[in-house]
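S.K.: any chance you could fold what I've pasted below:
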Amino acid sequence: MTENFDRAPGAGRNRAKPNSPGLGEQAIGRVLVPGAGGASGDAQPKQCFFQQEPLRQPRTSPPPVVENSASADDRGAAGTSPGAHQKNSSHNSNSTPRVNPKVAGALLVDSRLSATAPEFYPANYSSYTDPSFEDGSDSLYVQSEPTFSEFVQGFLSHLNDSPGAFESDIEHITAMLNGWVTTDEMLHELVELIYQKSTLVPNFSYTGARLCNYLSHHLTMSPPSGNFRKLLLQRCQTEFDKREQAVKEDEATRKRFHSFVLFLGELYLNLEIKGNGQMNRAEILLTGLRDLMNALFSNPVDGNLICAVKLLKLTGSVLEDAWKEKGRSDMDELIQRIENIVLDASCSRDVKQMLLRLVELRSSNWGRVQAAAACSEATPENDPNYFMNEPTFYTADGVPFTAADPDYSEKYQEMLDREDLFPDFYEENGTHPYSGDAYLDDDDDDEMDPEIEEAFEKFCLESEKKRKQ
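M.R.: Numbering: from 1, shown residues only. Now for the predicted structure:
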């Protein structure tokens with residue numbers, strides 16, 4: 001059986017080539033199966049089919065529709081073989097196909113894309129404006145308009161950070177507020193925001209009081225329910241009515257109440273009310289501060305007493321002048337009450353010292369000096385500020401003296417005589433005129449004056465004794 005078998009490479013084998021190498025078509029071949037089909041040992045061919053999956057079309061564009069110049073029937077009629085047809089198809093796939101205009105038009109009609117569609121923003125998109133684009137140039141972000149609360153908190157923070165800019169910025173801020181505040185609700189919100197800022201931030205109470213005074217005169221919004229000043233005083237009245245209970249609450253509640261008390265003191269000093277052709281302070285605040293101090297002294301704990309001391313240091317002189325003009329002795333009563341607290345209350349030692357220093361400050365007329373005499377009539381006897389701007393001199397022993405010293409003339413003349421003895425010894429900048437190499441020897445620089453040397457040795461001995469002790 002093996003004698004008739006040809007072992008030469010490729011002998012007895014005949015593999016048919018596929019009709020077309022194109023993709024998506026069947027590749028037909030013959031495989032020789034030895035020993036099949038007869039005794040002669042000839043290999044009988046067996047057909048095998050190798051199926052290749054066609055490539056799918058891309059999803060981003062519709063499949064092109066190719067028009068051929070002749071239909072399949074025409075090609076069959078012309079005698080074109082199927083193999084030649086497959087070869088032509090493979091050749092046409094490499095060339096650029098022509099799209100049917102009718103099919104392309106249908107695709108455009110069915111499309112929902114539009115060049116005039118609005119811009120799309122994700123759900124979590126937040127607009128932001130880069131400060132670098134504030135000069136009017138195009139920005140990559142969309143600026144959202146701030147709310148009224150954000151605007152008020154913004155300029156309050158600006159005044160808190162830069163209180164010196166109050167005078168230069170207050171007109172611009174008021175003009176913007178006049179454009180914003182158009183309803184009763186916005187006016188109430190403005191009052192509440194300023195009140196909260198002035199009481200929660202201790203350093204802002206003075207600026208807040210100035211702001212309240214300016215807005216009470218320049219804010220144009222004045223609804224029937226009340227203007228800015230009326231609403232502000234109503235808000236203060238709400239907190240004022242809680243005074244008896246607030247001084248007995250926990251420490252956090254008392255601190256909030258103390259901030260309100262100090263803000264009301266600043267408001268009394270800065271809020272001006274026009275009446276009888278002149279500007280006056282609010283009388284209702286004068287009475288309110290008296291009642292607040294009574295409430296603080298009614299519960300003499302350290303926090304309440306410290307708040308009362310701060311309030312009297314801030315407004316004591318102005319309150320006493322106002323009460324004296326009315327013939328009242330309210331300040332005397334308050335000072336007497338403070339003295340009783342120092343004797344009887346169980347407050348700390350430091351707080352008692354603060355109260356005693358406050359009593360001493362009031363006894364010195366709150367640190368105020370009498371009015372200075374006119375410049376032409378000023379003398380050391382009638383003007384305590386007569387020698388305020390006089391320079392300070394020093395004697396040969398280093399003792400300072402001024403023009404107010406009784407021996408000023410004698411000491412000053414001695415100083416002039418001493419300068420006459422050495423008129424050119426020191427230059428204007430305090431350097432020695434003969435400090436050059438031509439006048440001073442190096443050996444002289446290393447030597448010390450006998451008196452200075454003695455004083456230096458004495459200093460070293462004293463320092464050594466102190467160190468050993």
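S.K.: and residue 280, which of the three is it?
M.R.: Under DSSP: H, G, I helix; E, B strand; the rest coil, residue 280 falls in the strand class.
S.K.: look at the residue nearest to it when sequence neighbours are not counted and say how many residues are nearby.
M.R.: Of all residues not flanking residue 280 in the chain, residue 273 sits nearest, at 5.6 Å (C-beta to C-beta, 6 or more residues apart in numbering). No exception for glycine: its C-beta is placed from N, CA and C like everyone else's. Applying other C-beta atoms under 10 Å, we find 16 residues neighbouring residue 273.
S.K.: how about low-confidence regions in this structure?
M.R.: Residues of the chain that meet the criterion pLDDT under 70 lie in 1-111, 120-144, 369-391, 401, 403-404, 419-448.
S.K.: domains in it, by residue range?
M.R.: Domain segmentation of the chain under automatic domain parsing yields 148-367, 393-468.
S.K.: which among the ones you listed is found nearest to residue 115?
M.R.: Closest to residue 115 of those is domain 148-367 (C-beta to C-beta; 37.0 Å).
S.K.: start and end of that closest one, how far apart?
M.R.: Domain 148-367 has its terminal residues 45 Å apart, counting by C-alpha to C-alpha, to the nearest Å.
S.K.: name the stretch among the domains of the chain that sits most buried.
M.R.: Stretch with highest mean neighbour count among these: domain 148-367 (a mean of 16; mean count of other C-beta atoms under 10 Å).
S.K.: returning to that earlier point: where's the residue nearest to residue 280, which helix or strand?
M.R.: According to DSSP states H and E, residue 273 maps onto strand 272-275.
S.K.: just to revisit the earlier point, is it possible to export the domains of the chain to JSON lines including distance to residue 118?
M.R.: JSON lines is the format used below for the domains of the chain (distance: least, C-beta to C-beta, whole Å):
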{"stretch": "domain 148-367", "distance to residue 118": "27"}
{"stretch": "domain 393-468", "distance to residue 118": "76"}
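S.K.: give me the nearest residue to residue 271, chain neighbours excluded.
M.R.: Leaving aside its chain neighbours, residue 271 sits nearest to residue 213 (5.0 Å; criterion: C-beta to C-beta, 6+ apart).
S.K.: now do residue 177
M.R.: Excluding its sequence neighbours, the residue lying closest to residue 177 (C-beta to C-beta, 6+ apart) is residue 219, at 6.4 Å.
S.K.: so how far is residue 285 from that neighbour?
M.R.: Going from residue 219 to residue 285 by C-beta to C-beta, to the nearest Å gives 20 Å.
S.K.: returning to what we had before: residues touching the residue nearest to residue 177, list them.
M.R.: Shown in contact with residue 219 (C-beta atoms under 8 Å, 6 or more residues apart in numbering): 174, 177, 178, 181, 227, 228.
S.K.: please repeat the previous calculation with a cut-off of 10 Å.
M.R.: Contact analysis of residue 219 by C-beta atoms under 10 Å, 6 or more residues apart in numbering lists 174, 177, 178, 181, 187, 190, 227, 228, 229.
S.K.: in what helix or strand does the closest residue to residue 285 other than its chain neighbours lie?
M.R.: Using C-beta to C-beta, 6+ apart and skipping the chain neighbours, the partner closest in space to residue 285 is residue 268 (4.1 Å). Using DSSP H and E, the element containing residue 268 is helix 251-270.
S.K.: list the helices and strands that helix packs on?
M.R.: Using 3 or more C-beta pairs under 10 Å, 6 or more residues apart in numbering; DSSP states H and E as the contact test, the elements touching helix 251-270 are helix 184-200, helix 205-218, helix 228-240, helix 243-246, strand 278-281, helix 283-298, helix 302-325.
S.K.: one more time with 6 Å, if that's ok
M.R.: For helix 251-270, the elements it packs on are helix 184-200, helix 205-218, helix 302-325, judged by 3 or more C-beta pairs under 6 Å, 6 or more residues apart in numbering; DSSP states H and E.
S.K.: tilt between that helix and helix 283-298?
M.R.: Orientation of helix 251-270 against helix 283-298 (axes from the mean of the first three to the mean of the last three C-alpha atoms, to 10 degrees) gives an angle of 150 degrees.
S.K.: angle of helix 251-270 against helix 205-218?
M.R.: Following the same axes, to 10 degrees, one obtains 50 degrees for the angle between helix 251-270 and helix 205-218.
S.K.: what's the distance between residue 208 and residue 298?
M.R.: Going from residue 208 to residue 298 by C-beta to C-beta gives 27 Å.
S.K.: hmm, I typed the wrong one, I wanted residue 115.
M.R.: 78 Å.
S.K.: residue 317 reaches residue 366, doesn't it?
M.R.: Yes - in this structure, residue 317 is within contact of residue 366 by C-beta atoms under 6 Å, at 3.8 Å.
S.K.: quick one on the thing from earlier: contacts for the strand holding residue 273 next, please.
M.R.: Strand 272-275 has contacts (C-beta atoms under 6 Å, 6 or more residues apart in numbering) with 213, 279, 280, 282.
S.K.: with distance to residue 469 added, can I get these in TSV?
M.R.: TSV is the format used below for these (distance: C-beta to C-beta, whole Å):
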residue	distance to residue 469
213	62
279	66
280	66
282	64
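S.K.: do a quick rundown of the strands in the chain.
M.R.: Under the criterion DSSP state E, the chain contains strands at 27-33, 44-50, 272-275, 278-281, 393-394, 400-401.
S.K.: strands paired with the fifth one, and their directions?
M.R.: Here the strand partners of strand 393-394, with direction, are listed using DSSP bridges: strand 400-401 (antiparallel).
S.K.: return stretch 253-272 as CSV; C-alpha atoms alone will do.
M.R.: Coordinates of each C-alpha in stretch 253-272 appear next as CSV, following Å, rounded to 0.1, in the frame of the first residue of the first chain:
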residue,chain,number,x,y,z
THR,A,253,-25.6,83.9,76.5
ARG,A,254,-24.0,86.5,78.7
LYS,A,255,-21.3,87.1,76.1
ARG,A,256,-23.8,87.7,73.4
PHE,A,257,-25.6,90.1,75.7
HIS,A,258,-22.4,91.9,76.6
SER,A,259,-21.7,92.4,72.9
PHE,A,260,-25.1,94.0,72.5
VAL,A,261,-24.4,96.3,75.4
LEU,A,262,-21.1,97.6,74.0
PHE,A,263,-22.7,98.0,70.5
LEU,A,264,-25.5,100.1,72.1
GLY,A,265,-22.8,102.3,73.7
GLU,A,266,-21.2,102.9,70.4
LEU,A,267,-24.6,103.6,68.9
TYR,A,268,-25.3,106.2,71.5
LEU,A,269,-22.0,108.0,70.7
ASN,A,270,-22.4,107.9,66.9
LEU,A,271,-26.1,107.9,66.1
GLU,A,272,-27.3,111.5,65.4
